[in-house]
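# Quick one: sequence plus predicted model below, questions after.
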Amino acid sequence: MNSQFTPGVVPKRLSTEDLSHNFDDLHAPLVVHEAAVAADRCYFCHDAPCVTACPTDIDIPLFIRQISTGTPEAAAKTIFDMNILGGMCARVCPTEELCEEACVRELAEGKPVEIGRLQRFATDTLMKSGVHPFNRADPTGKRVAVVGAGPAGLSCAHRLALLGHDVTVYDARPKAGGLNEFGIAAYKSTDDFAAREVDWLMSIGGITIETGKALGDALNLDAISADFDAVFLGVGLGGVNAMGIAGDDLDGVSDAVSFIEDLRQASDLSALPVGRNVVVIGGGMTAVDAAVQSKLLGAEQVTIAYRRGREAMSASRYEQDLAASHGVKLMFNVKPNAVHGNGAAAEVELEYTQIIDGKLSGTGENMRIAADQVFRAIGQTLTMDGGLALEGRKIAVTDTGRTSRDGVWAGGDCSSGGNDLTVTAVAEGRDAAMDIHATLTGDV
Amino acid sequence: MADLTTEFLGIKSPNPFWLASAPPTDKEYNVRRAFEAGWGGVVWKTLGSEGPPVVNVNGPRYGVVHGADRRVLGLNNIELITDRDLFVNLEEIKRVKADYPDRAIIVSLMVPCEEDAWKAILPLVEETGADGIELNFGCPHGMAERGMGAAVGQVPEYIEMVTRWCKQYYSKPVIVKLTPNITDICQPAAAAMRGGADAVSLINTINSIISVDLDQMAPAPTIGGKGTHGGYCGPAVKPIAMNMVAEIARSPETAGLPMSGIGGITTWRDAAEYIALGCGNVQVCTAAMTYGFKVVQEMISGLEQWMDEKGHTSIDDFMGSAIPNVVDWQHLDLNYIAKASINQDDCISCGRCYAACEDTSHQAIAMTADRKFSVIDAECVACNLCVEVCPVENCITMVEQQPGTTDPRTGNVVVDTYANWTTHPNNPSATAAE
Ligand SMILES: Cc1cc2nc3c(=O)[nH]c(=O)nc-3n(C[C@H](O)[C@H](O)[C@H](O)COP(=O)(O)OP(=O)(O)OC[C@H]3O[C@@H](n4cnc5c(N)ncnc54)[C@H](O)[C@@H]3O)c2cc1C
Ligand SMILES: Cc1cc2nc3c(=O)[nH]c(=O)nc-3n(C[C@H](O)[C@H](O)[C@H](O)COP(=O)(O)O)c2cc1C
Ligand code: SF4
Ligand code: SF4
Ligand code: SF4
């Protein structure tokens, strides 16, 4: 048994009980009484601002009223009508920047209606009953290929299946779910929720998932375009930006996303090695998740080093506070210049930064902090563009997800626009499905 | 799958939720939006005779009793019938009905108690293609002072007479809307029946002063330093209305008379309760005025879900199902014995049950120094007060005592035979026990 103070990158820093407690639900599910009290606070606003703020336009006042009146199943149906991954979104949405930020009771009292937790209450209730609340329309005879079984692909596939099309989903990985399965912080998706949600979603019928099939290897876009009536790409961002600094190939330096992936797939968290002194480079949700989970695994000192100020951080204030409350140190306006160590990382050299004429540059003042493990969390990149036109570094799409190629749609993280959130991927997958449907049934 | 389609007096509507005659149904603009939102039908805001329309006050006409968080519990109003021209209304009704043939449109009427007045307006209404009429014998303020509304509804002979005229000069269903401002609701209902009414709808609003402005020393809403009584509606009146519905349903004279339930209907459950008491459909005013037309969506989804859960496929399946179980007090089973029981896991130790029982009931709740609350079975009379004052729903429940066990309060063994007051030894006029 190791402890928090054991040097190096080692497993078993904490007992199994401590680990399972640490990786429990971040927010415990509401019990019936809590749900009733929370739902009671909703004003059933007209043209409600919370709905406008939801990327999937869930009818929030309606579903909360349905909870109030004792029909959480009907509430769940209201949610799933717009967002078939409403269960996952209830767990992972940064509600503090979406619906709950817009809630009029945030304005009134600084205490929004707990929309996310109420959404979870409703969706959990229905999913627990094992019921799938939708029936497929009559078969259209059309076949659609969906590449990528992440939130965008799954949402698209479900909507298409609902409308009567037959869908084949290809995914490069051995399991469906995309970042829901491999990326989202463990304490947001407990009890194998991602996999259970995929099974439940699939129970509508008409969807076949083929895992271990990557577009670009055996499959190519020309071939599937010829084979299917339409193609949807929801391949996410498979690559990771490099740091390009001295020492970033030392042992102990790795990508935050692969660390999180290992953590999500680990059957025994105590077998997972983590450093005593962990430094995470970056300022997004991935950085926060890697830092917090390192801490939860038993790292002694965890630091997030971000090159700009707090306001510029893409992780919300809530996420920043979450990290701080777990004992993660947040450092702003510092950039990494090198990782030092003899074979394995031992220190990170950081330089303070300043912004002059909008340009970030070092101030020349350096410091070194102990780091036996360094995570890169400086953004993901598109790895599969299928020869389609790009906008910036993503596949260029219209509002309804059309790419530069006829018959090919795209959505989620891999496509232009959007904000790299699960809920946005769901919205884009759904909207592309509606456009594919309209196109295939000659309704445009 | 539950089918909410209702046929009330032969009038079809896709669901049993109609908007009551009131501001929500005052004009074409509202009614079209209501239909788009999903309402099954409307009773158009009450029309008066041809000629210059009534005028409303130009000051506040509403007042409210609020619950916690400013939830609207009761609404008081001093609005009159429509203040728009009769012919404008009639044209609008005709247009909307033509565009929404699947929705019910009923025209509410209030004209003077003279045959000619009714004879004049009924053909005009017939002309619109509306599905029926509702006679507003209920408005308790303003119009009543002019001998209409509640002034008619309080005199059974007038109800019968006017209803008869309507049946004579109008071919479609006639619904008589009852005022609750009477002692025995069965009297006006029976009068309507005698006059040939196809149905009654109830209730209209209840005479009320909602509050007194202590600075102006006048009832609110205050207009130029004066106020008047208004009509009370909203969730607070539902129990009063449901009792009246039940009275009509079980009075031998009026039993079987079709009813449209009105009063405080805010959720699917309220509607289901009215239907269980024998209403063929329901009408809503305050809930729409508080939350907007969209509120009907919850009523529809909730009723559907509940019907599915209970295996009811149509409204008729459960309409009136609760009527046989509404009995007189004297027929309640005095051998049924229950005790309150506190679920310690749910209890948050607020002590409200204790205060209520200790100060005002039977001193049947024990409290320990570390704030544990439990029921003393030897004192508990199962009054239900603690259940209802506890802030945690279902934390305190009533547990039926099983036959064969001893009730520690009376020392008597619980029996499973039915016995009521009519045979009870303490009853001086008891019929001999069998
Ligand atoms: C660590 C981390 C934490 C996050 N936390 C949150 C959070 O708390 N809340 C939130 O809203 N968002 C969060 N996000 C963002 C969110 O996960 C993504 O926005 C969302 O998953 C995007 O969905 P997607 O379907 O576009 O892509 P992905 O979820 O990335 O799914 C893409 C799928 O395509 C497959 N694929 C890729 N290439 C190919 C190919 N060539 N052939 C076949 N299949 C392929 C992949 O295997 C994958 O299954 C987080 C992201 C990360 C990385
Ligand atoms: C402002 C207002 C105006 C009303 N006007 C009429 C009317 O013109 N004719 C009528 O029959 N009832 C009228 N009513 C009574 C309602 O139709 C209904 O019977 C009553 O409000 C009870 O239902 P509720 O509790 O759902 O509001 C009015 C009610 C309100 C609040
Ligand atoms: S903004 Fe807040 S109070 Fe208003 S409907 Fe949305 S959740 Fe309810
Ligand atoms: S509700 Fe509308 S009409 Fe009435 S007082 Fe307010 S603004 Fe005026
Ligand atoms: S009222 Fe309810 S919650 Fe409060 S002490 Fe009594 S049982 Fe407990």
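That came in fine, so what should we check first? Numbering: from 1, shown residues only, chains lettered A, B, ... in the order given. Ligands and ions are numbered 1, 2, ... in the order given.
# just checking, what packs against the host helix or strand of A:Ala433?
Using DSSP states H and E, A:Ala433 sits within helix A:422-440. Where contact means 3 or more C-beta pairs under 8 Å, 6 or more residues apart in numbering or on different chains; DSSP states H and E, helix A:422-440 is packed against helix A:86-92, helix A:151-162, strand A:230-233, strand A:408-410. Quick note: C-beta positions are derived from backbone N, CA and C, even for glycine.
# Return the distance of the residue most central in space within chain B relative to B:Val413.
Central residue of chain B (C-alpha atoms, centre = their mean): B:Gly263, 3.0 Å from the mean position. For B:Gly263, the distance to B:Val413 equals 44 Å [C-beta to C-beta, to the nearest Å].
# Not counting its neighbours along the chain, what's nearest the residue nearest to the centre of chain B?
B:Ala241 (2.9 Å; C-beta to C-beta, 6 or more residues apart in numbering or on different chains).
# Also A:Asn180?
Using C-beta to C-beta, 6+ apart, the closest residue to A:Asn180 is A:Ala194 (4.2 Å).
# Any part of the helix or strand hosting that neighbour near ligand 1?
Under the criterion of DSSP H and E, A:Ala194 resides in helix A:193-202. No: shown here: helix A:193-202 not in contact with ligand 1 (C-beta under 6 Å from any ligand atom), separated by at least 10.1 Å.
# quick check: mean pLDDT across that helix?
Averaged across helix A:193-202, the pLDDT comes to 97.
# close to ligand 1, is whichever helix or strand comes after that helix?
Following helix A:193-202 in sequence order, the next helix or strand is strand A:207-211 (DSSP H and E). No: under the criterion of C-beta under 6 Å from any ligand atom, ligand 1 is not reached by strand A:207-211; the shortest gap measures 8.7 Å.
# From the contact counts, what lies against strand A:207-211?
Checked by 3+ C-beta pairs under 8 Å, 6+ apart, strand A:207-211 has helix A:151-162, strand A:166-171, helix A:193-202 packed alongside it.
# Out of the ones you listed, which is closest to ligand 5?
Nearest to ligand 5, of all these, is helix A:193-202, at 32.2 Å by C-beta to the nearest ligand atom.
# Can you name the residues in contact with the helix-or-strand element of chain B with minimal mean pLDDT?
None of the helices or strands of chain B scores lower by mean pLDDT, DSSP states H and E than helix B:150-153, at a mean of 84. With C-beta atoms under 8 Å, 6 or more residues apart in numbering or on different chains as the test, helix B:150-153 has contacts from B:113, B:137-140, B:143-145, B:158-159, B:162, B:177-179, B:181-182, B:188, B:204.
# Is there a quick PyMOL command that grabs whichever of those are buried?
Buried residues among the contacts of helix B:150-153 (16 or more other C-beta atoms under 10 Å in any protein chain shown), as a PyMOL selection:
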select buried, chain B and resi 113+137+138+139+140+143+144+158+159+162+177+178+179+181+182+188+204
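# residue contacts, the residue of the stretch 101-250 of chain B found nearest chain A?
Nearest residue of the stretch 101-250 of chain B to chain A: B:Pro235, at 12.6 Å (C-beta to the nearest C-beta). Residues in contact with B:Pro235 (C-beta under 8 Å, 6+ apart) are B:Val72, B:Leu73, B:Gly74, B:Gly264, B:Thr266, B:Asp270, B:Thr286.
# Would you list the phi and psi of the fourth one?
The phi/psi pair for B:Gly264 (degrees, to the nearest 10) reads phi 80, psi 10.
# Next up, the contacts around it.
Applying C-beta under 8 Å, 6+ apart, the residues contacting B:Gly264 are B:Cys233, B:Gly234, B:Pro235, B:Ala236, B:Val237, B:Lys238, B:Ala241, B:Asp270, B:Thr286.
# same question, the third one
Shown in contact with B:Gly74 (C-beta under 8 Å, 6+ apart): B:Val64, B:Val65, B:Ser208, B:Ile210, B:Tyr232, B:Cys233, B:Gly234, B:Pro235, B:Ala236, B:Val237.
# Then A:Ser225?
A:Ser225 makes contact with A:Val231, A:Arg405, A:Gly407, A:Val408 under the criterion C-beta under 8 Å, 6+ apart.
# Assign a three-state SS to the nearest residue to A:Gly417 once chain neighbours are set aside, would you?
Of all residues not flanking A:Gly417 in the chain, A:Val397 sits nearest, at 6.9 Å (C-beta to C-beta, 6+ apart). With DSSP: H, G, I helix; E, B strand; the rest coil as the basis, A:Val397 sits in coil.
# A:Val397 is in contact with A:Trp409, isn't it?
Yes: with contact defined as C-beta atoms under 8 Å, A:Val397 reaches A:Trp409; the gap is 7.3 Å.
# Tally up the residues packed near residue 202, please.
Using chain A. A:Met202: 19 surrounding residues under other C-beta atoms under 10 Å in any protein chain shown.
# Wait, chain B was what I had in mind.
28.
# For the stretch 251-400 of chain A, give me the ranges with low pLDDT.
For the stretch 251-400 of chain A, applying pLDDT under 70 flags no range at all.
# For ligand 5, what is the nearest residue in it?
Closest point on the stretch 251-400 of chain A to ligand 5, by C-beta to the nearest ligand atom, is A:Ser325, at 30.6 Å.
# Chain A too?
Nearest to ligand 5 in chain A, going by C-beta to the nearest ligand atom, is A:His33, at a distance of 9.9 Å.
# Go ahead and confirm the residue nearest to the centre of chain B touches B:Tyr232.
No: applying C-beta under 8 Å, one finds B:Gly263 not in contact with B:Tyr232, separated by 9.8 Å.
# Just name the most buried of the helices and strands packed on strand A:207-211.
helix A:151-162 (a mean of 29; mean count of other C-beta atoms under 10 Å in any protein chain shown).
# picking that back up, helices - which of the contacts of helix B:150-153 land there?
Secondary structure from DSSP state H places B:Tyr158, B:Ile159, B:Val162, B:Pro188 of the contacts of helix B:150-153 in helices.
# Contact partners for the nearest residue in space to the second one that is not next to it in sequence?
Nearest residue to B:Ile159 in three dimensions, chain neighbours excluded: B:Ala191, at 4.2 Å (C-beta to C-beta, 6+ apart). B:Ala191 is in contact with B:Pro156, B:Glu157, B:Ile159, B:Glu160, B:Thr163, counting by C-beta under 8 Å, 6+ apart.
# try 6 Å
Listed by C-beta atoms under 6 Å, 6 or more residues apart in numbering or on different chains, the contact partners of B:Ala191 are B:Pro156, B:Ile159, B:Glu160.
# is any part of stretch B:211-221 close to ligand 2?
No: using C-beta under 6 Å from any ligand atom, stretch B:211-221 never reaches ligand 2; the gap is at least 11.6 Å.
# Next, format the contacts of B:Ala191 as CSV and append pLDDT and distance to A:Gly148.
Listed next are those as CSV, based on pLDDT from 0 to 100; distance: C-beta to C-beta, whole Å:
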residue, pLDDT, distance to A:Gly148
B:Pro156, 95, 74
B:Ile159, 96, 70
B:Glu160, 96, 74
